[in-house]
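[1] Structure here, sequence nowhere to be found:
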Ligand SMILES: [Zn+2]
């Protein structure tokens, strides 16, 4: 009887979160949604029906905590558990990890800008011990409330925002400054969740691989090729991003990935791509446009990522809310997306 109970417990645990246990190549097969999307659409059911095994929440920690602690959020978590969908939280965080009103108390915790002024607009000074202590403590506090079922944490810098240029920090790139903070946060987070790992996001101004700072062994690489073109595969090395996104070719995107993979293991790396990102295609303005869906690009990109030994990939799908599905009700693109991971 006791053995049978243990077996049942093990099965429940296996169902609870599947993305780290499966034998197939693509372990994390995800989509990242805003709280608004998750509140208005039954995403756990869509994920189950489309072969998506991980749902990521987005955008800021407090907002996501408040959602998860609401009745709707609890239903979301329960449904994900029932269907075996992992839940993680992909968050622009620094603004909340170091509350801006602390500026009055100690401006040295905040970044020095190009004009030589300490400012609380974005991020922090990573050479302020007081700042790092507060950030680590608050990361642990959010970790306790968020509890991703796959133990992967994502507390990013402020979105594409400048970092500190004080005499000590200016020797470090934005990605190195991020890593200094992440190395500090992971220690505190693992006191709350001993299995925790934490993302180092390579994106926008943090695409450069860190050189002067080495990652803690529980930091994993998250690569987000923001300056890509989702209408062309990354293997088209000369492809350029859409107008207004600069001149970075797909080849340059992949060079950033390759450089980062010399610092971080491929096995634990997560790709955060834009294949389903309706918010980006809509210029971050509602009403949303229909997703320009190119399954052949996803298949080709997954093959490219797989060549590097990468086994985890997700995509922003922000703006896929109730209004979006009213205008574009077909689930065919999402089903096809899930199927791309089977190939
Ligand atoms: Zn500094």
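    Cool, the structure landed. All values derive from a computational prediction rather than experimental measurement.

[2] Flag the shaky bits of the chain, pLDDT-wise.
    1-22 (pLDDT under 70).

[3] near the ion, which residues of it?
    125, 127, 164, 166, 169 (CB under 5 Å from the ion). Glycine gets a C-beta too; all of them are placed from N, C-alpha and C.

[4] For burial, what's the neighbour tally of the residue nearest to residue 204 when sequence neighbours are not counted?
    Excluding its sequence neighbours, the residue lying closest to residue 204 (CB to CB, 6 or more residues apart in numbering) is residue 160, at 4.1 Å. With neighbours defined by other CB atoms under 10 Å, the count for residue 160 comes to 14.

[5] Check whether residue 160 really touches residue 205, as I assumed.
    Yes - assessed by CB atoms under 8 Å, residue 160 is found in contact with residue 205 at 6.3 Å.

[6] Strands of this protein, start to end?
    28-34, 54-58, 86-92, 111-112, 118-119, 152-156, 197-202, 219-223, 270-273, 312-315 (DSSP state E).

[7] which residues are contacting the third one?
    This means strand 86-92. 17-20, 28, 30, 32, 53-61, 64, 76-77, 80, 146, 148-150, 152-159, 199, 272, 314 (CB atoms under 8 Å, 6 or more residues apart in numbering).

[8] quick one: it to chain centroid distance?
    6 Å (CA atoms, centre = their mean, to the nearest Å).

[9] for the second one, same thing?
    Relative to its chain's centre, strand 54-58 lies at 8 Å (CA atoms, centre = their mean).

[10] That one pairs with which strands, parallel or anti?
    For strand 54-58, the paired strands and their directions (DSSP bridges) are strand 28-34 (parallel), strand 86-92 (parallel).

[11] Of all those, which one is nearest residue 341?
    Among these, strand 28-34 comes nearest to residue 341, with 4.5 Å by CB to CB.

[12] between the closest one and strand 152-156, how many degrees?
    40 degrees (axes from the mean of the first three to the mean of the last three CA atoms, to 10 degrees).

[13] from here on, count from 304
    Right, with 304 as the first residue, what we last looked at is strand 331-337.

[14] related to what we said a few turns ago, which of the contacts of strand 389-395 are buried, as a ChimeraX select command?
    A single ChimeraX command suffices to select whichever of the contacts of strand 389-395 are buried according to 16 or more other CB atoms under 10 Å:
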select :320,321,322,323,331,333,335,356,357,358,359,360,361,362,363,364,367,379,380,383,449,451,452,453,455,456,457,458,459,460,461,502,575,617
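
[15] Who are the contact partners of residue 379?
    Going by CB under 8 Å, 6+ apart, the list of residues near residue 379 reads 341, 346-347, 370-371, 390.
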